[in-house]
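In: here is my input, please return the structure:
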Amino acid sequence: MITAVDTNVLLDVLIPNARFAERSQQKLDEALEQGALVIGEVVYAELASQFPSTDELNRFLSDTRIRLLPSSPEALQAAARAWKRYTRRRKKGLQCPRCGIRRTVRCPRCDEDIPVRQHILSDFLVGAHALIQADRLLTRDLGFYRSYFPDLVIVSP
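Out: Sure thing, here's the model as predicted:
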């Protein structure tokens, strides 16, 4: 069983007193018992911003037995297709990453909707990487990944 891990779960473990730290660590441990843990380039880059050096990041990945697995062309194409669907059907407002409910934000001065781009291409790269190159994704962004990658098996802390 290969589990792709999203940045938010790893940050839960890295940031002191994070709200989901214990549950995220438990899910990481369970996933490791069941097989391999992998991340793609996007998660690697997002994690790199939290470490003072590349050596320390690579040591963390080695210590946690998380392997960098580069995205295949098939995964990149899947990300592009999902991104295209998103940009076509994107609605105004914010979407809860957990349950998917939407809310609009209006300017209190002129009462115009404030446009928000909640997801960026990197989110789609993470989902497609997990869909194509792993058996499941460990993430807290349930609503988003269920919406755009319905065939993706999701594990959440």
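
In: give me the buried positions along whichever strand or helix holds residue 83.
Out: Secondary structure assignment for residue 83, by DSSP states H and E: helix 73-89. Neighbour-count burial for helix 73-89 flags 75-76, 78-79, 82-83, 86 (criterion: 16 or more other CB atoms under 10 Å). (C-beta placed from N, C-alpha, C; glycine too.)

In: pick the one among those closest to residue 37.
Out: Of all these, residue 37 sits closest to residue 75, with 17.0 Å by CB to CB.

In: neighbours around the closest residue to that closest one other than its chain neighbours, how many?
Out: The spatially closest residue to residue 75, leaving aside those adjacent along the chain, is residue 132, at 4.0 Å (CB to CB, 6 or more residues apart in numbering). Neighbours of residue 132 under the rule other CB atoms under 10 Å: 19.

In: now residue 51
Out: The burial count for residue 51: 15, using other CB under 10 Å.

In: let me see the contact set for it.
Out: 57, 60 (CB atoms under 8 Å, 6 or more residues apart in numbering).

In: let's see that with 6 Å instead.
Out: Listed by CB atoms under 6 Å, 6 or more residues apart in numbering, the contact set of residue 51 reads residue 57.

In: next: the one 5 residues further on.
Out: Applying CB under 6 Å, 6+ apart, one finds that residue 56 lies in contact with no residue.

In: what comes up buried for the helix or strand harbouring it?
Out: Assigned by DSSP H and E, residue 56 belongs to helix 54-63. Neighbour-count burial for helix 54-63 flags 57, 60-61 (criterion: 16+ other CB under 10 Å).

In: beyond it, next helix or strand please.
Out: That would be, after helix 54-63 and using DSSP H and E, strand 66-68.

In: off-centre distance for that following strand?
Out: Relative to its parent chain, strand 66-68 has a centroid offset of 15 Å by CA atoms, centre = their mean, to the nearest Å.

In: repeat for stretch 55-75
Out: The chain centroid and the centroid of stretch 55-75 are separated by 14 Å under CA atoms, centre = their mean.

In: also stretch 43-57?
Out: 16 Å.

In: gap between the two ends of it?
Out: By CA to CA, to the nearest Å, the extent of stretch 43-57 from end to end equals 12 Å.

In: what angle separates the helix or strand that contains residue 45 from helix 54-63?
Out: Residue 45 belongs to helix 41-48 when elements are defined using DSSP H and E. Helix 41-48 runs at 120 degrees relative to helix 54-63, counting by axes from the mean of the first three to the mean of the last three CA atoms, to 10 degrees.

In: cool, thanks, signing off.
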